[in-house]
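Asker: Quick one, structure for this:
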Amino acid sequence: MEQTNGHAGELNRRYLLRRFWKSAAGFWSKRGTRLSWVLSGTLLLIILLILATSYGMNVWTRVLFDALQNRDSNTVLFLSMLYLPLLAASVFLSVMQVYARMTTQRRWREWLNNHLLDHWLKNGRSYQLNLVRGAHENPEYRVADDVRMATEAPVDFVTGMTTAVLSAVTFIVVLWTVGGALTVHLGGMVITIPGFLVIAAAIYAVAASGSMLAIGRRFISVSEDKNQAEAEYRYLLTRLRENGESIALLQGEEEERSGVDKSLATVLRAWRDICIQYMRTTIVSQTSGYIAPILPIILCAPKFLDGSMTLGEVMQAASAFAIVQGAFNWLVDNYPRLAEWTASARRVASLQVSLDALERGEVGRGGRINRGEGKSAALRLRNLSVTLDDGTAVVDGAEVTIMPGEKVLVTGESGAGKSTLMRAVAGVWPWGEGDIEIRRGAKLFFLPQRPYVPIGTLRRAANYPDLADSRSLAEIANVLKKVGLGHLAGRLEEEAAWDQILSGGEKQRLAFARIFLHRPDIIVLDEATAALDSPDQHQLMELLSQEFEEATIISVGHRPELAAFHGRKIVLKRGRAGARLVNDVFLIPKPVLPSGGLPRGLVALENPSFAHQTIRQAEPLAWGNCPG
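Answerer: Model prediction:
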């Protein structure tokens with residue numbers, strides 16, 4: 001069973017790498033940019049030129065040491081002068097390689113980052129990811145950090161691998177030519193080893209690479225654990241900052257510190273495991289680094305001593321051996337970073353897989369709510385069932401028709417699914433069956449209980465989701481005064497942490513200001529006045545009713561006084577097979593009494609078109625909460 005799970009896990013890891021390349025390689029396809037090929041071609045040309053300078057340096061080394069051996073001062077002086085242009089060319093090409101390589105990395109990261117954001121910030125997927133299962137935790141860390149690592153490392157690897165292969169091919173020829181064959185006398189036997197330096201370099205590289213693979217085999221899994229621990233720790237600290245007020249008011253710092261300490265301990269354990277892996281791989285890399293320069297000199301010593309090799313040839317062979325050995329040992333030098341890249345690429349691919357699943361669901365019809373446009377009704381629900389992503393029922397068989405200009409109140413016990421139903425209406429909750437029709441050309445605006453306040457100026461927050469400069473300061477200031485935020489009208493261009501500065505009630509007033517600025521046709525209020533007291537709620541709802549007589553308003557709320565601002569009430573009741581709409585009534589204010597008495601309530605009239613009508617009732621309402 002463990003073997004089966006391990007095999008399945010390995011297949012999943014391979015699939016994730018394939019999924020990453022399927023998307024990331026688009027940078028060089030028609031979906032990418034022509035600049036990608038220009039940068040790649042430039043980088044290859046620079047590698048070839050650097051290889052040419054390396055070969056020139058190698059030949060220069062041989063001639064110099066031969067001149068030193070022969071005490072040829074003129075040649076030594078000439079070579080000393082020649083070294084300067086060789087050095088300048090090598091440094092210039094190295095600098096240009098850095099520029100071409102890092103520009104490629106930067107452009108690739110930009111392209112892949114935009115590709116991910118295009119899929120993440122679309123059709124409510126950033127919200128839906130929080131509701132579905134999958135290995136996509138902390139998507140912000142994957143986009144910000146893992147994408148960087150996943151695009152930086154491959155460019156380095158390809159550059160390094162190309163350089164290694166070309167260097168190996170070039171300098172193997174040098175080793176074969178300069179080193180020649182080695183003849184060994186063992187007793188009465190004579191053994192001749194052709195290209196002995198090439199064979200020695202290959203054997204040495206295989207031994208070093210094999211040792212690195214054996215010692216660092218856990219590097220990839222340890223890197224994945226470290227990245228995940230870092231992401232969770234960063235997310236925890238972000239939540240602390242965002243909820244600092246609530247934590248401080250509840251004096252929960254000690255409890256939060258306990259959670260932070262546990263998360264940090266997990267991060268430190270992951271780094272300890274990484275440290276152990278680096279220690280093990282350092283044994284191989286350091287040993288290889290000390291042996292590689294000495295081994296070719298020792299191997300060439302017999303031929304130098306018997307006069308078949310000059311000192312220049314020995315030094316040229318040693319230089320070429322080091323280059324070939326470095327090329328062969330490319331894996332040894334880059335294995336830790338290769339493991340880091342693999343971990344990051346898989347994390348990016350896991351996010352892509354989850355987004356793929358959401359995208360497939362949008363184009364498919366099975367288990368998804370169908371959205372369309374209607375002609376007469378502002379909103380129509382046809383046999384609508386809302387479920388969780390696993391099929392668990394939340395709302396079952398809703399049949400509702402709301403005409404333009406109607407003001408509808410949706411109530412029900414907590415947890416019955418009212419907010420989920422409204423999210424389905426808004427289009428961000430896709431799971432379920434049935435149809436939702438929005439009147440053609442109608443603009444829908446949704447106000448959640450916790451309004452979102454973006455980073456930046458108050459002007460941006462008021463105009464959101466439109467651009468910050470889409471409306472004049474005077475227009476915004478006028479609306480702020482209208483909703484009771486006149487004291488902030490002079491701070492519209494001020495950048496501050498408005499999400500922390502504004503109270504809950506002020507945030508909900510700001511959300512109402514957006515309604516007056518955007519002028520939608522259909523307004524959905526999901527507990528949008530929960531943070532306001534009754535007089536403030538009355539003021540805003542009355543203002544909304546007066547200025548949006550023609551608009552359709554759908555409110556979710558528990559306060560009975562909300563009924564005064566609606567002409568219709570729908571009740572949602574929880575059941576085993578999902579919540580159902582059990583009551584749909586029209587609310588009509590009682591007329592003023594002849595004696596001058598005040599109306600004391602609303603009459604509830606049954607809506608005959610409602611399929612699940614079970615209750616006929618009147619909603620008592622205090623006059624102090626009635627409009628006008």
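Asker: Every contact and neighbour count from this point should use C-alpha atoms.
Answerer: Fine.
Asker: roughly how far apart are the spatially most central residue of the chain and residue 494?
Answerer: For the chain, residue 143 is the residue whose C-alpha lies nearest the centre (CA atoms, centre = their mean; 2.8 Å). The gap separating residue 143 from residue 494 is 29 Å, by CA to CA, to the nearest Å.
Asker: again, but for residue 42
Answerer: Taking CA to CA as the measure, residue 42 falls 46 Å from residue 494.
Asker: Burial check on residue 586, number of neighbours?
Answerer: Around residue 586 there are 20 other residues, counting by other CA atoms under 10 Å.
Asker: Tell me if it really is in a strand.
Answerer: Yes - checked against DSSP: H, G, I helix; E, B strand; the rest coil, residue 586 lies within a strand.
Asker: Could I get the pLDDT score of the closest residue to it other than its chain neighbours?
Answerer: Distance criterion CA to CA, 6 or more residues apart in numbering; nearest residue to residue 586, sequence neighbours excluded, is residue 568 at 4.2 Å. Among the per-residue scores, residue 568 holds a pLDDT of 91.
Asker: Okay, and the beta partners of residue 568?
Answerer: residue 408, residue 586 (DSSP bridges).
Asker: my read: it touches residue 585, true?
Answerer: Yes - between residue 568 and residue 585 there is a contact at 5.6 Å, judged by CA atoms under 8 Å.
Asker: how about the spatially closest residue to the residue nearest to the centre of the chain that is not a sequence neighbour, secondary structure?
Answerer: Using CA to CA, 6+ apart and skipping residues adjacent in sequence, the residue nearest residue 143 is residue 113, 6.5 Å away. Secondary structure, three-state DSSP: residue 113 is helix.
Asker: any idea how far the residue nearest to residue 586 is from residue 456?
Answerer: Using CA to CA, residue 568 is found at 39 Å from residue 456.
Asker: swap in residue 71?
Answerer: Applying CA to CA, the value for residue 71 to residue 456 is 74 Å.
Asker: When these two are compared, which one has more neighbours?
Answerer: More crowded of residue 71 and residue 456, by other CA under 10 Å: residue 456, with 16 against 11.
Asker: Enumerate every residue touching the more buried one.
Answerer: Residue 456 is in contact with 494, 495, 496, 497, 498, counting by CA atoms under 8 Å, 6 or more residues apart in numbering.
Asker: Sitting in helices, which of the residues you listed do you find?
Answerer: Of these, the ones assigned to helices by DSSP state H are residue 498.
Asker: now the helix or strand harbouring residue 386, how far from the centre of its chain.
Answerer: Using DSSP states H and E, residue 386 maps to strand 379-387. Per CA atoms, centre = their mean, to the nearest Å, the displacement of strand 379-387 from the mean C-alpha position of its chain is 32 Å.
Asker: who's in contact with that strand?
Answerer: Taking CA under 8 Å, 6+ apart as the rule, strand 379-387 contacts 369, 374, 393-403, 420-421, 424, 431-439.
Asker: swap in stretch 315-332?
Answerer: With CA under 8 Å, 6+ apart as the test, stretch 315-332 has contacts from 58-59, 61-62, 65, 160-161, 163-165, 167-168, 171-172, 174-175, 178-179, 197-198, 201-202, 204-206, 208-209, 212, 284-285, 292-294, 296-297.
Asker: likewise stretch 333-346?
Answerer: With contacts defined as CA under 8 Å, 6+ apart, stretch 333-346 is touched by 13, 16-17, 20, 142, 146-147, 149-150, 153-154, 212, 216, 219-221, 223-224, 227, 278, 281, 285.
Asker: And the residues you listed, which of them are buried?
Answerer: 13, 16-17, 20, 142, 146-147, 149-150, 153, 212, 216, 219-220, 223-224, 227, 281, 285 (16 or more other CA atoms under 10 Å).
Asker: now, which of the residues you listed lie within helices?
Answerer: Those of those lying in helices (DSSP H): 13, 16-17, 20, 147, 149-150, 153, 212, 219-220, 223-224, 227, 281, 285.
Asker: Lowest pLDDT pick from those?
Answerer: Per-residue pLDDT puts residue 220 lowest of those, at 71.
Asker: Okay, that one and residue 263: tell me how far apart.
Answerer: 21 Å.
Asker: do residue 20 as well
Answerer: Taking CA to CA as the measure, residue 20 falls 29 Å from residue 263.
Asker: Likewise for residue 243?
Answerer: Going from residue 243 to residue 263 by CA to CA gives 18 Å.
Asker: Which of the two has more residues huddled nearby?
Answerer: residue 263 (19 against 12).
Asker: Check for me that the more buried one belongs to a helix.
Answerer: Yes - per three-state DSSP, residue 263 lies within a helix segment.
Asker: returning to that earlier point: these two touch, right, the residue nearest to residue 143 and residue 145?
Answerer: No - counting by CA under 8 Å, residue 113 does not reach residue 145; the two are 10.3 Å apart.
Asker: For these two, indicate the residue with more neighbours.
Answerer: Comparing residue 113 with residue 145 by other CA under 10 Å, the one with more neighbours is residue 113, at 18 against 15.
Asker: on that earlier part again, who wins for neighbours among the contacts of residue 456?
Answerer: residue 498 (17 neighbours).
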